[in-house]
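Sharing a sequence plus its predicted fold:
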Amino acid sequence: MEEVEVVIPLLAIISIFIVLPGMLLHYLTRNKEIAARAAGDPSMNARLVDVAERLERRLDAIETLLDHEMPGWKQSQQRRRG
């Protein structure tokens, strides 16, 4: 019984003063690295914008094809969702 009375406070002290600050520092440095990568690579941001624009053009083309092939498809889709 005396061992448990010593081990539990020891674990609590170790957790408070070693584990929690270690976790805090880990996640702080990780967030800084992620922010630095996002801000430091404008070419990646430009590529993502380019990909988004191409996908939007493709979606517009598909919608145009569907409008010609199946008039009223938008209304039928809206009825199914709503």
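Okay, I see it. Please read all numbers here as calculations on a predicted model, not as lab measurements. Numbers count the residues shown, from 1 in each chain.

And for residue 67, the neighbour number?
12 (other CB atoms under 10 Å). Bear in mind the C-beta positions are built from the backbone N, C-alpha and C, glycine included.

ok, now the one 3 residues further on?
A count of neighbours around residue 70, defined by other CB under 10 Å, yields 10.

Against residue 36, how distant is residue 47?
18 Å (CB to CB, to the nearest Å).

now the helices for this protein?
Counting by DSSP state H, one finds helices in the chain at the ranges 2-14, 20-40, 42-69, 73-81.

how about TSV for those, with mean pLDDT added?
Below are those laid out as TSV (pLDDT from 0 to 100):
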stretch	mean pLDDT
helix 2-14	88
helix 20-40	87
helix 42-69	91
helix 73-81	81
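
any idea how far residue 40 is from the residue most central in space within the chain?
Computing the C-alpha centroid of the chain and ranking residues by CA atoms, centre = their mean puts residue 34 first, at 11.6 Å. According to CB to CB, residue 34 stands 11 Å off from residue 40.

if I look at the residue nearest to the centre of the chain, how far off is residue 23?
Counting by CB to CB - residue 34 and residue 23 are separated by 17 Å.

And the chain, what are its domain boundaries?
1-40, 42-82 (automatic domain parsing).
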